[in-house]
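1. Quick one: sequence plus predicted model below, questions after.
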Amino acid sequence: MNNINIQPILENDNVRIEPLLEKDFDALYAVASDPKVWEQHPNKDRYREEVFRVFFRGAVESKGAFKIIEKCMGDVIGSSRYYDYDTKENAICIGYTFYGTKSWGKGINPQVKQLMLDYIFQYVDKVYLHVGATNFRSQIAVQRLGAVKVGEVEMPYYGAETKLNFVYEIPNPKLA
C-alpha cells in the first residue's frame, strides 16, 4: 500500500487511537454488548457475543482496525478502521466505527474522524465512508464531517450477509 501505515497511533488531548489487537476483545466487547449501539446498524444483533466475535476477528485480520481510548479515564470507548485502499483512485475507506452510548453526543466521533482524515490525507486523494441505509445517526455524523453521498452499494460484511450502504466521499482538502 505504498508504504502507508494504516494502523498508526493517533491522538489529541481527549482520545488516543491505537491498533486493535486480539487481547482487546474483552474491553471492546464491553462497549459493543449494549444493543442500543447497534439499533440502527445493518447488523442489529452485533451486541451478541458470538456475532461480535466474528466482527472482531474480521477487524483484527483487516490490519487496519483501531481501538479508541478516552484519555482522561483510559477506557476503550469504541473502534474504527481504514480499509479497501484503491491504488487506481488513490482512495481509502474509513468505517466500521462504533462507540459506546456513554460517548454519544460528546464530540468524540468528529475528533476521531478528524485525526484519521488528517493522517490519511497525507497519502490519499479521497476518503470514502460506507454507512448503513437505515443508520440515520451515522449518516448525519458523516455529513457533519463534510462527506457527500455519492452512491449506494450492497456491502459484504465479514461473516454476515451483504447489506445496502450509502457511499459518502470526502475529498482531500489540500487538492481543492
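-> Alright, I've got the coordinates.
2. Next, give phi and psi for D45.
-> phi -100, psi 20 (degrees, to the nearest 10).
3. And the strands in the chain, which stretches?
-> 10-11, 15-19, 65-70, 75-86, 91-99, 126-132, 148-157, 160-171 (DSSP state E).
4. Looking at those strands, spot the one closest to W38.
-> strand 91-99 (7.6 Å; C-beta to C-beta). The way it works is simple: take the backbone N, C-alpha and C, and place the C-beta from them, glycine included.
5. what's the closest non-adjacent residue to I92?
-> Excluding its sequence neighbours, the residue lying closest to I92 (C-beta to C-beta, 6 or more residues apart in numbering) is Y85, at 4.7 Å.
6. And the pLDDT for the one you found?
-> Y85 carries a pLDDT score of 95 in this model.
7. Count the residues that sit near it.
-> Look at Y85: counted by other C-beta atoms under 10 Å, it has 18 neighbours.
8. ditto for the one 3 residues further on
-> Close neighbours of K88, defined as other C-beta under 10 Å, add up to 5.
9. got a list of what I68 touches?
-> 15-17, 76-80, 99, 108, 112 (C-beta atoms under 8 Å, 6 or more residues apart in numbering).
10. Ok, Q7 next?
-> Applying C-beta under 8 Å, 6+ apart, the residues near Q7 are 19, 63-66, 82.
11. Identify, from the contacts of I68, the entry nearest to L129.
-> S80 (10.2 Å).
12. pretty sure that closest one contacts G95?
-> Yes - assessed by C-beta atoms under 8 Å, S80 is found in contact with G95 at 7.2 Å.
13. now V76, nearest residue through space, not along the chain?
-> Nearest to V76 is A27, by C-beta to C-beta, 6+ apart, at 4.1 Å.
14. Next, find the distance separating that neighbour from L20.
-> Going from A27 to L20 by C-beta to C-beta, to the nearest Å gives 10 Å.
15. Show me the common contact partners of those two, please.
-> Taking C-beta under 8 Å, 6+ apart as the contact rule, the neighbours common to A27 and L20 are K67.
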